[in-house]
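S.K.: return atomic coordinates for the entry below.
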Amino acid sequence: MKAAKVLKARPWTLASLASARPYAAIFKTKSFDMLSTDFQPSKIEISEVEARKLLGKIRLDNKNVISREEAMSRIEYEGMEGLGKLSVVRLEEYGTFLEQERGPGPFLDQQGGPGPFSDQQGCPGMGSFTSSPALVAEDNQDDALSFQPGAHEELVERCRKELMELPTPLERRFRNYSLQSTQSTQETITQSTVFRCISVSALGTKNDKFVCCPAEALVWETRRWRLLHEILRYEPDIICLQEVDHFNLLERALGSVGYSGRFVPKPDSPCIYLPENNGPDGCAIFYKNSKFDLVSESKRVLEVWRVQSNQVVLCLNLKHRDTEKELFVATTHLKARQGALLSTMRNEQGKDMLDWLAESAAGKPLLLSGDFNADPSEPVYQSVVHHASLNLSSAYKSDNLGVDEYTTWKIRETGEQKYVLDYIFHSEFLTPVSVLEMPSEEEIGAHRLPSLQFPSDHLSLVADFHLI
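M.R.: As a prediction, this is how the structure comes out:
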């Protein structure tokens, strides 16, 4: 049994390893100084089975394996029998290597033709084991529940009954913007031009380590009703969600009261490697059918230094029914954890997303929400608010609104964490009218979040906008 270490690497390798989804071929080698132009990898490629085992080990947080977030600078594996030392070769270089050697493997078959994970030219593609999950999961844990078409309030009342043995939910207040504008402008802000957006982190099941959170607060059979109630109680017109690993439930429940939704999973969700998992987590957007029509939808795997990462963005182009104006709504969940390199990776993901959205929205109104895993001091925040084409502002950041002291507050093994990580950004074609305030420390409670009163470690953001 030998350990494998990666001590130095260039940005593309760091991005691949940190996301635990390397777009690169993994080889047995004698040296890790393999990034020079004259590097010649071993002809003995790690088998598909071995590679799947290896990638699975990266994603596990037990058995003394270093976590994915720390993997950008060092990886150590114990118990990988027969693997020896490992190296990573960039796909472009590997394609050239295959072209020369024509050896069998997952990208080339025994006759030198395209293998099961290649394109027709025999080059590594999106279907290779290095870019697809090692496990497959189905979103079926909520199949026993049924939802009949009905009124909004009927489903809210059903949630209340399911939660009647638990404490009442957190009570929060809306704060209005002081709109400094002409009377004629004020008169145009009517009920027909105002819509409400909620952004919620659904908290992927069993994928976090909370120290003080009551165990019963994380039981999905109860928490799902708290999550649905939290969404529905504010009667939103647009719902943006992150860490969604029960989309089937949300689609059926919200669909029964007049919402339509779309979902994009992470390419290699860590949720599917957890015991009793339900399915990959990802981002979702729902919209109220009586308020909006869907024009188009698009999604993107975010890139870091031109390498696809494990984070995504979902974007819907909606048409407001009363005004017939178009609105682009996007949501994302950027790379987690602290550290200078991870902060840089988030910024690269953010810039890739912003450039893509600028091209997609093409000057039309844009809402961008999500868990950015970055406080306002991080580069990615500055990239968002200073993007030349988009001209975005945070609905929770204004001179007359002191409501953004935190959006997440939890206690983990590493200590108490209280940060602003979540945002609803809007373009100049949208005017914020009001936002939902954060609860006080007393209202949150000593055990912080999640709790029996709130289903996630990130508080919901809710904002009303006037569509100009």
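
S.K.: what are the buried residues along the helix or strand hosting Trp225?
M.R.: Secondary structure assignment for Trp225, by DSSP states H and E: helix 220-232. Across helix 220-232, burial judged by 16 or more other Cβ atoms under 10 Å covers Trp220, Thr222, Arg223, Arg224, Trp225, Arg226, Leu227, Leu228, His229, Glu230, Ile231, Leu232. Glycine gets a C-beta too; all of them are placed from N, C-alpha and C.

S.K.: apart from its chain neighbours, what residue comes closest to the third one?
M.R.: I take that to be Arg223. Pro455 (4.9 Å; Cβ to Cβ, 6 or more residues apart in numbering).

S.K.: ok, now which ones touch the one you found?
M.R.: Applying Cβ atoms under 8 Å, 6 or more residues apart in numbering, we find Pro455 in contact with Ala202, Leu203, Ala217, Arg223, Arg226, Leu227, Glu230.

S.K.: in this structure, where's the longest helix?
M.R.: Ranked by residue count under DSSP state H, the longest helix found in the chain is helix 340-361.

S.K.: residues near Ala336, how many?
M.R.: 14 (other Cβ atoms under 10 Å).

S.K.: if you could redo that for Asp139, that was the one I meant.
M.R.: Count around Asp139 with other Cβ under 10 Å applied: 20.

S.K.: show me what contacts it?
M.R.: Going by Cβ under 8 Å, 6+ apart, Asp139 touches Asp245, His246, Phe247, Asn248, Asn278, Gly279.

S.K.: top of those residues by neighbour count?
M.R.: Asp245 (28 neighbours).

S.K.: need the pLDDT of the residue nearest to it when sequence neighbours are not counted.
M.R.: Distances taken as Cβ to Cβ, 6+ apart put Asp281 closest to Asp245, at 4.0 Å, once the chain neighbours are dropped. What the model reports as pLDDT for Asp281 is 91.

S.K.: how many other residues sit next to Asp281?
M.R.: Asp281, neighbours per other Cβ under 10 Å, totals 27.

S.K.: so who does it touch?
M.R.: Applying Cβ under 8 Å, 6+ apart, the residues near Asp281 are Ala202, Gly204, Asn207, Glu243, Val244, Asp245, Pro265, Lys266, Ser269, Pro270, Cys271.

S.K.: what's the helix holding Trp225 packed up against?
M.R.: Applying 3 or more Cβ pairs under 8 Å, 6 or more residues apart in numbering; DSSP states H and E, we find helix 220-232 packed against helix 152-162, strand 194-201, helix 247-255.

S.K.: let's see it at 10 Å
M.R.: Contact here means 3 or more Cβ pairs under 10 Å, 6 or more residues apart in numbering; DSSP states H and E; on that basis helix 220-232 packs against helix 152-162, strand 194-201, strand 238-244, helix 247-255.

S.K.: so which of those gets nearest Phe425?
M.R.: Nearest to Phe425, of all those, is strand 194-201, at 10.2 Å by Cβ to Cβ.

S.K.: if we can go back for a sec, closest to His333 out of the helices and strands packed on helix 220-232?
M.R.: strand 238-244 (4.0 Å).

S.K.: pairing partners for the closest one, with directions?
M.R.: Strand 238-244 sits in its sheet next to strand 194-201 (parallel), strand 282-288 (antiparallel), going by DSSP bridges.

S.K.: ok so, going back, could I get the helices and strands packed on helix 220-232 as JSON lines with distance to Lys325?
M.R.: Shown next, in JSON lines, are these (distance: least, Cβ to Cβ, whole Å):
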{"stretch": "helix 152-162", "distance to Lys325": "24"}
{"stretch": "strand 194-201", "distance to Lys325": "11"}
{"stretch": "strand 238-244", "distance to Lys325": "14"}
{"stretch": "helix 247-255", "distance to Lys325": "24"}
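
S.K.: could I get the ones you listed as CSV with mean pLDDT and distance to Leu367?
M.R.: Listed next are these as CSV, based on pLDDT from 0 to 100; distance: least, Cβ to Cβ, whole Å:
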stretch, mean pLDDT, distance to Leu367
helix 152-162, 98, 22
strand 194-201, 97, 6
strand 238-244, 97, 7
helix 247-255, 97, 18
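
S.K.: I figured Ala358 was touching Asp352, is that so?
M.R.: No - counting by Cβ atoms under 10 Å, Ala358 does not reach Asp352; the two are 11.1 Å apart.

S.K.: thinking again about what came up before, show me which pair in the buried residues of helix 220-232 is furthest apart.
M.R.: Most distant of those, by Cβ to Cβ, are Trp220 and Leu232, 17.9 Å apart.

S.K.: for Ser434, helix, strand, or coil?
M.R.: Counting by DSSP: H, G, I helix; E, B strand; the rest coil, the backbone at Ser434 sits in strand.

S.K.: start at 49, not 1
M.R.: Got it, first residue is 49 now, which makes that one Ser482.

S.K.: re earlier: which of Ala406 and Asp400 has more neighbours?
M.R.: Using other Cβ under 10 Å, the more surrounded residue of Ala406 and Asp400 is Asp400, with 21 against 16.
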